[in-house]
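[1] sequence first, then the predicted structure, then my questions.
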Amino acid sequence: MSAEQQSAAAPFEAIVVGSGMVGATLACLLGRAGLSVALLDAREAPLDGQAAGRGAPSMRVSALTPVSRQLLEGLGAWPAMAARRVSPYRFMQVWDGEGSGEVNFSAEQAGVPLLGHIVENDVTLAALEECLAELPSVSVRFDARVAELEAGGEKASAGDPRTVVLEGGERLQAPLVVAADGARSPLRERAGIGARERDTGQVAVVTTVRTAREHGGVARQVFLSTGPLAFLPLSVEGDARHCSIVWSTTPEEAERLTALSPEALGQALGAALEHRLGEVTVVDRALAFPLVQRHAEHYVRPGFALVGDAAHSIHPLAGQGVNLGLMDAAVLAEEVIEGRRRGLSTGDEHVLARYARRRRGDNAAMLALMDGFRLLFGARHPALTLARNLGLSGVDRLGPIKRLLMQQAIGHRGRLPAACRPLSRRDAG
């Protein structure tokens with residue numbers, strides 16, 4: 001690349017940094033509306049679409065709500081996901097391993113066909129990459145590492161374009177730059193946005209198992225003294241005896257668990273689940289990663305926005321992380337597209353302010369709720385143990401409260417963007 005080419009800024013209407021599930025979804029939504037978008041990622045190449053969803057399941061999975069499925073169906077990604085591997089669940093069981101409290105949810109009670117799907121992240125991303133390949137207005141750049149973000153600080157004025165400088169000197173320019181580059185977002189830092197962090201004191205141990213009994217399309221979660229353990233149902237070539245494991249526990253316990261032999265870890269998992277699925281066989285290695293809850297101090301700056309984990313990262317006990325991020329993408333795209341229709345720039349401060357207002361409150365409420373659950377079920381005091389057992393059992397008996405919690409779990413919170421509503425409701429406002 002010549003020096004002249006390096007100094008010239010390529011104009012786009014939006015630059016999205018980070019082509020994970022949330023960033024790719026945002027680029028798809030904007031591209032389908034005809035906006036010129038640059039989608040940048042440090043990965044060297046796209047996923048191997050032929051390998052995604054084939055063979056042994058990946059350890060990184062997400063519990064996609066019906067609302068998220070509706071969004072992905074509208075983008076045309078869902079059929080490709082279903083052709084690979086998605087695992088529906090119709091029931092949820094949550095109980096206190098330290099007592100007798102238990103609550104059960106069903107899709108029928110929620111008035112939906114399914115409570116959600118457990119889907120490997122690679123399956124979702126491979127399908128989104130196929131959708132992106134069909135959008136001529138979206139330029140996907142792999143092996144694209146951001147070296148600098150110009151005019152992206154707190155003192156930038158609303159009318160200034162943003163310039164992203166890549167390693168190697170290439171300059172890309174757009175009225176709007178979006179950070180979708182993960183929980184430790186370098187772009188968020190370059191934009192001068194801080195994040196409040198809270199170390200949960202827990203580490204997530206993840207692996208994949210095969211159980212003696214079929215899971216029956218039930219997502220199970222037991223609260224133990226050291227943290228929650230989730231068995232998320234997977235269907236592998238029609239075999240409904242696989243589960244993805246997320247065990248949130250203390251750092252010391254996580255170190256002990258990951259050092260166990262597969263046989264010993266399987267025995268520990270089976271005992272922790274009270275042998276509800278019989279013998280447990282570990283079929284993959286066990287990995288551990290610390291759980292830190294973050295929330296950005298601001299979602300937007302002039303010509304700049306955060307989405308997904310760059311804006312918020314949440315404890316996995318309710319499986320809502322990626323769903324919140326997908327909702328960020330849908331709301332931001334809706335506001336940007338509507339603003340563009342009215343002749344406004346994609347980075348207009350009023351457009352971005354509406355996005356921030358619509359998303360920050362919902363995300364903050366979910367972060368607080370998950371933190372409250374974590375603290376309540378981590379308490380060892382006998383009075384709190386009794387209270388949460390009575391609470392779980394009470395929720396199971398009280399229809400209105402149970403329906404409210406189910407609506408939260410399936411993603412029906414607040415004003416849904418049009419892309420997340422069923423087609424019959426999209427004109428209803």
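    Perfect, thanks for sending it.

[2] every contact and neighbour count from this point should use C-alpha atoms.
    OK.

[3] where does the stretch 1-150 of the chain dip in pLDDT?
    Along the stretch 1-150 of the chain, the model assigns pLDDT under 70 to residues 1-10, 99-100.

[4] do a quick rundown of the strands in the stretch 251-400 of the chain.
    Taking DSSP state E, counting those that start in this stretch as the test, the strands found in the stretch 251-400 of the chain are 280-282, 287-296, 300-301, 304-306, 312-313.

[5] tell me which of those strands sits nearest to residue 57.
    Among the strands of the stretch 251-400 of the chain, strand 280-282 comes nearest to residue 57, with 12.3 Å by CA to CA.

[6] okay, helices next: where are they in this structure?
    Counting by DSSP state H, the chain forms helices over residues 3-7, 21-32, 66-74, 78-84, 107-110, 121-133, 186-190, 251-259, 262-272, 321-341, 349-378, 382-397, 399-409, given from the N-terminal end onward.

[7] need the residue closest to the centroid of the protein.
    Centre of the chain computed as the mean C-alpha position; nearest residue by CA atoms, centre = their mean is residue 322, 1.0 Å away.

[8] ok, it - contacts?
    Residues counted as contacts of residue 322 (CA atoms under 8 Å, 6 or more residues apart in numbering) are 21, 22, 62, 64, 308.

[9] swap in residue 182?
    The neighbourhood of residue 182, defined by CA under 8 Å, 6+ apart, consists of 18, 308, 309, 310.

[10] surely the first one meets residue 183?
    Same thing as residue 18. No. The pair formed by residue 18 and residue 183 falls short of the contact definition of CA atoms under 8 Å, at 11.2 Å.

[11] quick one on the thing from earlier: can you put the contacts of residue 182 in JSON lines and add neighbour count?
    Below are the contacts of residue 182 laid out as JSON lines (neighbours: other CA atoms under 10 Å):
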{"residue": "18", "neighbour count": "25"}
{"residue": "308", "neighbour count": "26"}
{"residue": "309", "neighbour count": "24"}
{"residue": "310", "neighbour count": "27"}
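
[12] what is the nearest of these to residue 164?
    Proximity of the contacts of residue 182 to residue 164, judged by CA to CA, is greatest for residue 18, which lies at 12.9 Å.

[13] and that closest one, how far from residue 186?
    As defined by CA to CA, to the nearest Å, residue 18 lies at a distance of 11 Å from residue 186.

[14] for residue 251, find the nearest of the strands of the stretch 251-400 of the chain.
    Closest among those, once you apply CA to CA, is strand 287-296, at 7.9 Å.

[15] next, count neighbours for residue 258.
    If you count neighbours by other CA atoms under 10 Å, residue 258 ends up with 17.
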